[in-house]
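> Quick one: sequence plus predicted model below, questions after.
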Amino acid sequence: MYLETGTVKTPIGNLKIKMIDGFLTELNTTDEDVRNMNIEKSPNLEYVYDWIERYFKGENPGKTPEMKPHGTEFQKHVWKILTEIPYGKSLSYSDIAKKINKNGAARAVGQAVGKNPIIIIIPCHRVLAKHGLGGFSAGLDVKKKLLDIENIVF
């Protein structure tokens, strides 16, 4: 097992990147300082850094990095649906429940969305409550900033 980690400074704070064997497994906010920015990074880790930079510039970040998030089969199913929500668009928790043929499972979907270990790239911020913002593991202020970047009205 080959582990790589990095921290990148963004408009929503520092993000911690964790990759195992070349696959992105975690991307979350952190209080860690950005350090060792001049060390040589693997092509996979460099791609994640570049993807994040393009995203925060408001550009199309391009192909999603290769990911292997850890979670239950249900969570992975929900997260796959999240990756299909286009940039600048949103869905509700109940919309996602319908897409996975689990009508009435909006709360279960919400719990899976809240456990997303790869924020932004698995765009959990694009999931809104039927009548409002909904929640966000990194805080509602961060969710609002991400929605603003993509011009998503909530």
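Done, it's in.
> Not counting its neighbours along the chain, what's nearest Thr25?
Nearest non-adjacent residue to Thr25, counting by Cβ to Cβ, 6 or more residues apart in numbering: Lys18, 5.2 Å away. Heads up, the C-betas are built off the backbone N, CA and C, glycines and all.
> Nearest residue to the middle of this structure?
Residue closest to the mean C-alpha point of the chain, counted by Cα atoms, centre = their mean, is Ile119 at 2.1 Å.
> mind listing the strands for the chain?
For the chain, the strands defined by DSSP state E occupy 3-10, 13-20, 23-30, 91-92, 127-128.
> will you turn those into a markdown table that also has mean pLDDT?
Converted to a markdown table, the strands of the chain look like this (pLDDT from 0 to 100):
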| stretch | mean pLDDT |
| --- | --- |
| strand 3-10 | 92 |
| strand 13-20 | 95 |
| strand 23-30 | 96 |
| strand 91-92 | 96 |
| strand 127-128 | 97 |
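> Out of these, which is the most enclosed?
Mean neighbours per residue, mean count of other Cβ atoms under 10 Å, is largest over these for strand 127-128, with a mean of 22.
> returning to that earlier point: tell me what the residue nearest to Thr25 is bridged to.
Thr5, Glu26 (DSSP bridges).
> for Ser92, same thing?
Applying DSSP bridges, one finds that Ser92 bridges with Leu128.
> how about low-confidence regions in this structure?
Judged against pLDDT under 70, the low-scoring parts of the chain cover residues 35-40.
> wait, isn't Ile17 in contact with Leu3?
No: applying Cβ atoms under 8 Å, one finds Ile17 not in contact with Leu3, separated by 11.1 Å.
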